[in-house]
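Chemist: Coordinates for the following, if possible.
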Amino acid sequence: MAFSAKTPRTLINTDHPNPLHVKTQTSKSLYFSNRRKTHQISSTQPHQQLSDLNTDSFNPHNANSHLQRLCIRGNLQKALNCLNSMQELQIPLDEDAAIAVVRLCEWKRAFEEGSKVCCFISNSMNPLSLRLGNALLSMFVRFGKLGDAWYVFGKMQERDVFSWNVLISGYAKKGFFDEALCLYQRMLWVGFKPDVYTFPCVLRTCGAVPNLERGKEVHAHVIRFGLEADVDVVNALVTMYVKCGDLPRARLLFDKMTRRDRISWNAIISGCFENGECLEGIRLFFTMREHCVAPDLMTMTSVISACESLGDERLGREIHGYVIVTGMSDAVAVCNSLIQMYSSLGHWETAEKIFDKMTCRDVVSWTAMISGYDNNVLPDKAVDTYRTMEMEGFMPDEITLASVLSACACLGKLDMGIKLHELAKKAGLMSYVIVANTLIDMYSKCKCIDKALEVFHSIPDKDVISWTAIILGLRLNNRCFEALIFFRQMKLSLKPNSVTLVSVLSACARIGGLMCGKEIHAYALRTGMGLDGFLPNALLDMYVRCGRMGPAWNQFNSQKKDVSAWNILLTGYAQRGQGKLAMEFFNRMIKSNVNPDEITFIPLLCACSKSGMVPEGLNYFNSMELKYGITPNLKHYACVVDLLGRAGQLEEAYEFIQEMPIKPDPAIWGALLNACRIHRQVDLGELAAQRIFESDTRSVGYYVLLCNLYADSGKWDEVAKVRKLMKDNGLTIDPGCSWVEVKGQIHAFLTGDDFHPQIKEINAVLEGIYEKMKVAGLGGPKCDSMDKDEISKAEIFCGHSEKLAVAYSLINTVPGTPIWVTKNLYMCQSCHSIIKFISKIVRREISIRDTEQFHHFKDGICSCGDAEILGKA
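Modeler: Numbers count the residues shown, from 1 in each chain. Prediction:
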């Protein structure tokens, strides 16, 4: 026997004082003694009790028989009154009467009364008899009071198999699986032979742990004690093996059974489903019908769930028809499974019809419908259904809250999310990790990342989803540097999954963390996750956004080339304004028999826009519906407005908006506003801004564009008005921040950063460069050729943080090493001129990625051709 001989942690030593005495010191306990002072079980006064008993023909000579009759009738209060009277009259309580009262307390779930009766019995009958002890054991196990049950067990002078079975099952039901198995081992050790009731409980415990080795040992005991033919025991063995993941052994046992009942079939069918063998489970279900065994609700809910897992709509509808024919379609559990299945298959309307026809619903019904709406991207319906659920008086469980919070995250309903957070606290649902994880996601998407961090830090046992949610939340709130720090902390205790890696790669791409991205790439290859889900495309996107088209092509050629992969590389060409290369790549995509989707045309049109290829761009736009069957959406129309606007065709762009078949959104007017900013068309720009602010007053980017327009036109009074409006609306422009990766570490530089350890050296390098620029006749950072307006505008919208990042790189890298900097704002004319000069005198390639595009400097020349730099038309 390989069981541990340790004593269960919650078991109480029999030498300890009676825990019931401690529990009832503050209340009166009934017991026999020679003392005149008595203690009452009931709160009713003694003389009142006697008068009640007189009306019920109480006879002191047959008090025990009278007590048993009251217990048979189920009258607990009168039985307790009778017991009090017997105490007053010092009438002995016989065993049968005592057992009757204990069983009545158990049946009535009357824990307080049962505890007092036990006190009375333990003081008057010592030691406890076998029958009475078993009755008390059964009562306390039913109440879940294992300490009291163990005390009774210790007081029993004699025990039988039933005594051990009750105690073992009590510990197993409370989740103390190791303790239950330890009790089983002690039962064998003291010489008791397990019966057909022992083994199902012990085997269920082995499956719950799960512990296959212990389960096999118990299987050996079953054979040794000759119970391998008992159907209940074999059913328990089958269930144990499927729970432990050993489906072949479970199937072998099932096939050898000479007699099978419905439980046998349910065990093997659900076991197949649980172990991913859904088709085999379905085959067994049809075999069950061939053997004329009628399925029950458990069978049907399992089969419906299997149809959901298989994604087999046809089979699911056939099963639905079967439950209607067999009269099980009204059962709540079956309806819940059907709702879940149809929602998962995308048929939320059918799920809705089933839900509406239900005459009786439980929390699972509401949760299935809410999560169904959420999974089918119908967050409005999910929220409305939850509100109806509340009005009908249902309390949500942890799954309900998680589903509604997910819908709130999609809709940006922060106020409702906060209320649900408070509800979760009051209902004690914050202990469920799924609720906390969904709160992190909701707060992150509602731009309350500090609240998300607060929830994250409050989780005692964080899982992979918790870490992934906060990492993604930090990325969404542009705190990518912190996201990378959290990822490194996570790896100390948990193994990240592919979703975590995708989130971290997105953060690396945002701040240009190439070395960190390469580390993640290597980790994905080492752990075998390199081809999982979206991870290959996330790696490709990271290389593209870090400006490394060579490694990006290597990744592209080594992975599955789906339409998303082609779109990512196409985006890379668009960011660099390489329209001709983008067109060539698109043609190659078509020749590779990859059908473009609606996303494909967005970077393609952007590439044409930045390259001034207006006819080509319009041709692609017109071919979307005619040639590829793709209906243009608002983003495509915005790209066309940008295409026309950048080329100076502002009137044509405005007419295009006027003739659109769908209502333009703020992004379309924003494209026109940006074009007006480039070409300094204030009147049309103001019109575009007016249209934007009619529907969107919270997006900072549009205020910045309007400020740029006024600043480029020298209207600084108007700039001040816009900035005041932003302040009144609680909006702020993010401070300039640049990131550079040096020797595998990412360094961040904020505008006016005076706290960097090397700030003196950085400033000294920049001063030296400024002096050289003056000698060369190019002026400095604020040369005479720049008027005060340009200088002020650059301070507001650029921040000059990239100069600090470049200077730091010059100090800490060897000569000739390329420098790659990412920044969060536009690049101003002054910084552009300085970086050009630096690239020439130090003979280095310097790449700056701002919010608009890549600037690749080499030998004093920028890849952008000095076009569209902030401060220049």
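
Chemist: Show me what secondary structure element comes after the helix or strand where Leu472 lies.
Modeler: In this structure, Leu472 is located in helix 464-476 according to DSSP states H and E. Scanning forward in sequence from helix 464-476, with DSSP H and E defining helices and strands, the next element found is helix 480-491.

Chemist: Not counting its own residues, what contacts the helix or strand just after that next one?
Modeler: Toward the C-terminal end, the helix or strand that comes next after helix 480-491 (DSSP H and E) is helix 498-511. Outside helix 498-511, the residues that touch it by C-beta atoms under 8 Å, 6 or more residues apart in numbering are 464, 467-468, 471-472, 474-475, 478, 480-481, 483-484, 487, 490, 496, 513-514, 516-517, 520, 523-524, 529, 532-535, 538-539, 541-542, 544-546, 739, 746, 748, 822. For every residue, glycine as well, the C-beta is placed using N, CA and C.

Chemist: Which SSE is immediately downstream of helix 498-511?
Modeler: Using DSSP H and E, the first helix or strand after helix 498-511 is helix 514-526.

Chemist: buried ones in that following helix?
Modeler: By neighbour count on 16 or more other C-beta atoms under 10 Å, the buried set for helix 514-526 is Leu514, Met515, Cys516, Gly517, Lys518, Ile520, His521, Tyr523, Ala524.

Chemist: do the same with stretch 69-86
Modeler: By neighbour count, and taking 16+ other C-beta under 10 Å as the criterion, the buried residues in stretch 69-86 are 69-71, 76, 78-86.

Chemist: for the chain, longest helix please?
Modeler: Ordering each helix of the chain by length in residues (DSSP state H) puts helix 759-775 first.

Chemist: Give me the distance from that helix to the chain's centre.
Modeler: Mean C-alpha position of helix 759-775 versus that of the full chain (C-alpha atoms, centre = their mean, to the nearest Å) differs by 50 Å.

Chemist: Run through the stretch 51-200 of the chain and note the low-pLDDT ranges.
Modeler: Applying pLDDT under 70 to the stretch 51-200 of the chain picks out residues 51-58.

Chemist: Sketch out the helices for it, chain order is fine.
Modeler: All helices of the stretch 51-200 of the chain, identified by DSSP state H, counting those that start in this stretch, fall at 63-73, 76-88, 95-107, 111-124, 130-143, 146-155, 161-173, 177-189, 198-208.

Chemist: Next one: Asp463 from Ala424, what distance?
Modeler: 17 Å (C-beta to C-beta, to the nearest Å).

Chemist: And the two? Which one has more around it.
Modeler: Between Asp463 and Ala424, Ala424 has the larger neighbour count (other C-beta atoms under 10 Å), namely 23 against 14.

Chemist: of all the buried residues of stretch 69-86, which comes closest to Arg844?
Modeler: Within the buried residues of stretch 69-86, the smallest distance to Arg844 is 90.5 Å, found for Leu76 (C-beta to C-beta).

Chemist: Kindly provide the distance from that closest one to Lys116.
Modeler: Plainly put, Leu76 is 12 Å away from Lys116 if you go by C-beta to C-beta.

Chemist: Can you point out the helix or strand that includes Leu802?
Modeler: Slight slip there: residue 802 is Glu, not Leu. With the criterion set as DSSP H and E, the secondary-structure element containing Glu802 is helix 801-812.

Chemist: Quick one: name whatever helix or strand follows that helix.
Modeler: Downstream of helix 801-812, the first helix or strand assigned by DSSP H and E is strand 819-823.

Chemist: and that following strand, what other elements does it pack with?
Modeler: strand 737-742, helix 801-812, strand 846-849 (3 or more C-beta pairs under 8 Å, 6 or more residues apart in numbering; DSSP states H and E).

Chemist: Let me have the ones you listed in CSV, adding distance to Glu584 and mean pLDDT as columns.
Modeler: As requested, the helices and strands packed on strand 819-823 are exported to CSV (distance: least, C-beta to C-beta, whole Å; pLDDT from 0 to 100):
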stretch, distance to Glu584, mean pLDDT
strand 737-742, 31, 91
helix 801-812, 31, 93
strand 846-849, 23, 92
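
Chemist: circling back to that earlier point, just the buried residues of helix 514-526 now: which is nearest Trp265?
Modeler: Distances from Trp265 to those, taken by C-beta to C-beta, are shortest for Ala524, at 43.2 Å.

Chemist: hey, where'd the strands end up in the stretch 601-750 of the chain?
Modeler: 737-742, 745-750 (DSSP state E, counting those that start in this stretch).

Chemist: still on that earlier bit, hmm, who's touching the helix holding Leu472?
Modeler: Identification of contacts with helix 464-476 by C-beta under 8 Å, 6+ apart yields 433, 436-437, 440-441, 443-445, 449, 452-453, 456, 459, 480, 482-483, 486-487, 490, 494-497, 499-500, 503-504, 506-507, 510.

Chemist: With stretch 438-445 instead?
Modeler: Stretch 438-445 is contacted by residues 401-402, 405-406, 408-410, 412, 414, 417, 421, 424, 449, 451-452, 455-456, 466, 469-470, 472-474, 476-477 when judged by C-beta under 8 Å, 6+ apart.

Chemist: Skipping adjacent residues, who's closest to Ile746 in space?
Modeler: By the measure of C-beta to C-beta, 6 or more residues apart in numbering, the closest residue to Ile746 outside its immediate chain neighbours is Gly513, 5.0 Å from it.

Chemist: So what's the residue count around that neighbour?
Modeler: Each residue near Gly513 was counted by other C-beta under 10 Å, and the total is 29.

Chemist: residue contacts, it?
Modeler: Neighbour list for Gly513: Cys480, Leu484, Ala507, Cys546, Trp739, Glu741, Ile746 [criterion: C-beta under 8 Å, 6+ apart].

Chemist: Repeat that for Arg677.
Modeler: Arg677 touches Gly685, Leu705, Asn708, Leu709, Asp712, counting by C-beta under 8 Å, 6+ apart.

Chemist: one more time with 6 Å, if that's ok
Modeler: Arg677 is in contact with Leu705, Asn708, Leu709, counting by C-beta atoms under 6 Å, 6 or more residues apart in numbering.

Chemist: Tell me the confidence at it?
Modeler: The pLDDT attached to Arg677 in the predicted structure is 90.

Chemist: pLDDT score assigned to the nearest residue to Pro735 once chain neighbours are set aside?
Modeler: Once flanking residues are discounted, Pro735 sits nearest to Thr751: 5.0 Å by C-beta to C-beta, 6+ apart. What the model reports as pLDDT for Thr751 is 82.

Chemist: Could you measure from Thr751 over to Gln658?
Modeler: Using C-beta to C-beta, we find Thr751 at a distance of 40 Å from Gln658.

Chemist: now do Lys840
Modeler: Per C-beta to C-beta, Lys840 is found 47 Å from Gln658.

Chemist: Who has more neighbours out of those two?
Modeler: Shown here are Lys840 and Gln658; by other C-beta under 10 Å, Lys840 has more neighbours (15 against 8).

Chemist: before we move on, the earlier item: among the contacts of Arg677, which ones are in helices?
Modeler: By the criterion of DSSP H, membership of these in helices covers Leu705, Asn708, Leu709.

Chemist: Which one (most neighbours) among those?
Modeler: With neighbours taken as other C-beta under 10 Å, the top of these is Leu709, carrying 27 neighbours.

Chemist: Look at that one and report its pLDDT.
Modeler: 91.

Chemist: I am assuming it contacts Leu684, so please confirm or correct that.
Modeler: No - with contact taken as C-beta atoms under 6 Å, Leu709 and Leu684 are classed as non-touching, separated by 9.8 Å.
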